[in-house]
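[1] next comes the sequence, and after it the predicted model I'd like to discuss.
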Amino acid sequence: MASTLLAGCTGNADGPESTLPPSQAPSAPAPSATGVAPTTEPSTAPSATAGTPDQGDGGQASALDATAVITIAAVSTLDGSAIFGGYVAGVIENGGSCVFTVSNAAVTPTTVATSTGAANSDSTSCGSPSVPAGVIASGTYSVTLTYSNSQGSTTSDPVTMEVP
């Protein structure tokens, strides 16, 4: 069965090969007067809804239609470093910004670890950035992950991390 599935997955450097006969293969649209071929794919650019005024965002990033999830926020028993990890469901891309922030009653929210998003098959991974032992003082912290890209940002629900 696996060889049958793999046999259909051939391609070349120019993209996948067509298995349709030329008479059934889709034809490319003709270039327009601007030299750019028209497309029938929907636009992913944001658009305003008629009759809804733009309220602006006061310089803040807008909400991103995605969900940031923390998978780990812990202290390593091997070397005492703080380890963070997470992903973003609803976005599959390389290059977004992942920011892990810690806070508690005695500490102003502080960015402690950052990473660049990497596309997975069904989400964007924020990897597993770490912070050396001693950078975060002993205590109980609330940790959040904020992911941002050119379309906006999303912040995870907080998780608790104990630093001995």
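    Thanks, I have it.

[2] check contacts around Val91.
    By Cβ atoms under 8 Å, 6 or more residues apart in numbering, Val91 lies in contact with Leu64, Ala66, Gly117, Ser123, Thr124, Tyr147, Asn149. All C-beta spots, glycine's among them, are computed from the backbone N, C-alpha and C.

[3] test for you: state the pLDDT assigned to it.
    In this model, Val91 is scored at 96, pLDDT.

[4] for Pro158, grab phi and psi.
    The phi and psi values for Pro158, taken as degrees, to the nearest 10, are phi -70, psi 150.

[5] surely it meets Ser142?
    Yes: the criterion here is Cβ atoms under 8 Å, and Pro158 meets it with Ser142 at 4.3 Å.

[6] what about the helices in the protein?
    In the chain, the helices defined using DSSP state H lie at 2-7.

[7] would you map the strands across it?
    11-12, 15-16, 67-75, 82-89, 97-104, 107-116, 118-119, 123-125, 130-131, 139-149, 152-155, 159-163 (DSSP state E).

[8] flag every buried residue along the fourth one.
    It refers to strand 82-89. Ala82, Ile83, Phe84, Gly85, Gly86, Tyr87, Val88 (16 or more other Cβ atoms under 10 Å).

[9] closest to Ser138 among the residues you listed?
    Nearest to Ser138 out of these is Ala82 (Cβ to Cβ; 11.5 Å).

[10] just list whatever residues bridge to the closest one.
    Beta-bridge partners recorded for Ala82 (DSSP bridges): Val75, Val131.

[11] OK, contacts around it?
    Applying Cβ under 8 Å, 6+ apart, one finds that Ala82 lies in contact with 73-76, 112-113, 130-131, 133, 135-136, 161, 163.

[12] if you set the cut-off to 10 Å instead, what comes out?
    Neighbouring residues of Ala82 by Cβ atoms under 10 Å, 6 or more residues apart in numbering: 72-76, 100, 102, 112-113, 129-136, 141, 143, 161, 163.
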